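Q: requesting a structural model of the entry that follows:
(chains A and B)
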Number of protein chains: 2
Amino acid sequence: MSNLTLDDIREMDRDDPLAGFRGRFELPEDVIYLDGNSLGCLPKATPARLETVVREEWGRDLIRSWNTADWINAPRRVGAKIAKLIGASDDEVVAADSTSINVFKVLSACLQLNPERTILLSERGNFPTDVYMMQGLSVLSGGRIETRLVDGKDIIGALDATVAALLLTHVHYKTGRMRDMAGVTAAAHKKGIPVIWDLSHSAGALPVDLNSAKADFAVGCGYKYLNGGPGAPAFLFAAKRHHEAVFPALSGWLGHAAPFDFDDAYRPAPGIDRFQCGTPGILGMAALECGLDVMLDADMADLRAKSSALGDLFIALMAERCADFGFTLACPADPAERGSQVSFHHPDGYAIMQAIIARGVIGDFRAPDILRFGFAPLYNSHEDVWRAVHVLCDVMQSGEWRDDKYAQRAAVT
Amino acid sequence: MSNLTLDDIREMDRDDPLAGFRGRFELPEDVIYLDGNSLGCLPKATPARLETVVREEWGRDLIRSWNTADWINAPRRVGAKIAKLIGASDDEVVAADSTSINVFKVLSACLQLNPERTILLSERGNFPTDVYMMQGLSVLSGGRIETRLVDGKDIIGALDATVAALLLTHVHYKTGRMRDMAGVTAAAHKKGIPVIWDLSHSAGALPVDLNSAKADFAVGCGYKYLNGGPGAPAFLFAAKRHHEAVFPALSGWLGHAAPFDFDDAYRPAPGIDRFQCGTPGILGMAALECGLDVMLDADMADLRAKSSALGDLFIALMAERCADFGFTLACPADPAERGSQVSFHHPDGYAIMQAIIARGVIGDFRAPDILRFGFAPLYNSHEDVWRAVHVLCDVMQSGEWRDDKYAQRAAVT
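A: Predicted coordinates for the structure are as follows:
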């Protein structure tokens, strides 16, 4: 790929079957946005839809909109749209709560499936909130339930008859490494262990086929590749075969079989509805649905091909132009093993990231030393990648990242 | 109060010190809205604020807004505004998740304060989700923790050394009956029992003083009297004296002492922050903050006086004009014992409510037989009450409520 020119790059963009999607997002002109894996961009359709929800559904129709605008079914309707992206049936997914809360729901479901087992297993360095939720469950159990973390490479060896649940992130948030969902699930099932997949960095970024992989449960995030807006509702998948066996630990009224009977006794709703809990946030649901409606118009194979190409291009251009500045690749070079992001270690990663952000190239930093660049194939172009590498090289050559102001940590990195 | 004329009523509205607030809400012209205790009205400031959050903070500034627009502190900033309405300190309240989820957090906190106790106590007929969350905790504990429900009048007698937590709704969702917060809390404390108050029907409707009452924990709803929009974030109060003793059961990353260190081990944040869990929904937070900003301009004593007056007027007019139609009062006649709502039993309550809604008077129905009318003193007028009773009488006299179409239950009542 060496010796590419900007003309070559632009030709790639002209040939991109997804090129038309860029126009369906609001992209600030002065920015190259490679952080869609942290917060996806605003779809152009979203503001008008929210205006309708706010002014008409809330302001004019008020409480009646739970029926007339079908607010009450938003978690299922939005969930069914997500289902199409992750290889699930319509009646296996709800949009609800946060990823963290949904992790708690499915961990406690696994404990019910295997009541005699006491170990919740994950890998060291997994996205923290998944593991934190295990630790809360452990404390809540008075220590009977234990969290066990092993190195990622040792997961298969750690599968044994004490393990009640294996929780893994499909695509690792720092390294972008993608797990073999079907293979790991099969290995866990041989030991009677249900598997929970965190799809936060895969849903909407690459093909996921939960049911082909015989996955048990999954959770994921609405505000990354699904473009649902800041703090969008998350989602929860539960394979149909498990629904009736689970009495939800977070047994809120909207998971009740008849919430408007106002009974004193909780009876789980049939099917996936029991994984709902409290009243859904309708503004967040509406924005998430707009993001999904754009995504569902795209072909997932095209998305994956472009995502891999953008990552390969970034890696190649960095090797060609930025080899002298101490970056080492932190993600798999082989796109088949990589999600939709590229990351590099650098001991001065934080300051370097702040310096390129100041130049309008937005990625993010993940402690202790990772610069992370996400590729959202719906709106990122090959030229975005070209320009981002150009700015990064320039910032290294000029040394401008050494300015003290770039060393000061912000509240959110 | 008998023999009031519409002129008298309008004079009451002219004398209302809160009259100016009605203009700060979007009220549909063809509606008399007495359901603000189910979904509050849209503040006029909200759509523009949401437009800014969506187009500028999300669309233009993207991920940077976690710092530059201070999204990361929204749960605390909004929580501090709620604190002013409920007699709490700024650092004792967070806006987060749903009421149901927050109930789970504080119930499990109580279990930690009293690890040897096993009973979660509430009253029969409490708002169901509070009790359902107890039942989930009970199942999760393998039956070690038990839910005990007694009749409301028997609560004090049921306080004993087995009880780990007493959870009560301050104002009952059906009957509007208000509990003596300080008295009940003192009685519980004598037995070493922490008390959780559900303020869903009190916050923003009447003066609440959690710290004077020595309350331990509280939760409440953002979409009723706080006018935060459909499914708005809820809130959680924890008295400062309990913060450091609680390891949160729902231990998500935003309750971590240093979430952006991405450590494998959960360490609770100091203080109230540990009661946060996942990423907050920023659209919902922004709308809730708009609702609070209106509310905080009002004097709570004025709110309470008007709320009581509206309820008294409704009861008096019903007695005067609607006595022959089989309604019996389901709430206390004494405003000192009543929240900001009036309710009546009627065996045909569902159909009657549908018939008056069809005439533009919106209250709601609560199974099995309650018609519920909420008074939001910021935007409801005395004339609203007058007209509502007029329509209700008319619907009874004409018998139009007997039409079959009003008997068909909707998904949400």
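Q: every contact and neighbour count from this point should use C-alpha atoms.
A: OK.
Q: now the closest residue to chain B within the stretch 251-400 of chain A, nearest residue through space, not along the chain?
A: Minimum separation of the stretch 251-400 of chain A from chain B (Cα to the nearest Cα) falls at A:G281, amounting to 3.9 Å. The shortest distance from A:G281 to any non-neighbouring residue, by Cα to Cα, 6 or more residues apart in numbering or on different chains, is to B:G231 (3.9 Å).
Q: what of A:L107?
A: Using Cα to Cα, 6+ apart, the closest residue to A:L107 is A:A165 (6.8 Å).
Q: give me the three-state assignment for that neighbour.
A: The local conformation at A:A165, judged by DSSP: H, G, I helix; E, B strand; the rest coil, is strand.
Q: quick check: it touching A:G192?
A: No - if you go by Cα atoms under 8 Å, A:A165 and A:G192 don't touch, sitting 9.2 Å apart.
Q: what mean pLDDT does the longest helix along chain A have?
A: Determined from DSSP state H, the single longest helix within chain A is helix A:300-321. Average pLDDT, helix A:300-321: 97.
Q: now do it: which elements does it pack against?
A: For helix A:300-321, the packing partners by 3 or more Cα pairs under 8 Å, 6 or more residues apart in numbering or on different chains; DSSP states H and E come out as strand A:341-345, helix A:382-398.
Q: contacts for it?
A: Applying Cα atoms under 8 Å, 6 or more residues apart in numbering or on different chains, the set of residues contacting helix A:300-321 from outside is A:1-2, A:16-18, A:85, A:205-207, A:333, A:335-336, A:338-342, A:375-378, A:381-382, A:385-386, A:389, A:393.
Q: again with stretch A:381-390
A: By Cα under 8 Å, 6+ apart, the surrounding residues in contact with stretch A:381-390 are A:6, A:9-10, A:12-13, A:19, A:32-33, A:310, A:313-314, A:317-318, A:361.
Q: show me which pair in the residues you listed is furthest apart.
A: Largest separation among those by Cα to Cα: A:A19 and A:M318, giving 23.8 Å.
Q: more neighbours: which of those two?
A: A:M318 (23 against 16; other Cα atoms under 10 Å in any protein chain shown).
Q: in stretch A:257-276, what's buried?
A: In terms of neighbour count (16 or more other Cα atoms under 10 Å in any protein chain shown), stretch A:257-276 has its buried residues at A:257, A:259-260, A:262-264, A:266-269, A:271-276.
Q: stretch A:382-394 now?
A: Buried-residue list, stretch A:382-394, by 16+ other Cα under 10 Å: A:H382, A:E383, A:D384, A:V385, A:W386, A:A388, A:V389, A:H390, A:V391, A:L392, A:C393.
Q: ditto for stretch A:400-408
A: So for stretch A:400-408, counting by 16+ other Cα under 10 Å, buried means A:W401, A:Y406, A:A407.
Q: quick one, helices of the stretch 101-250 of chain A?
A: A:128-140, A:181-190, A:240-243 (DSSP state H, counting those that start in this stretch).
Q: how about those helices, which one is nearest chain B?
A: That would be helix A:128-140 among the helices of the stretch 101-250 of chain A, by Cα to the nearest Cα, at 4.4 Å.
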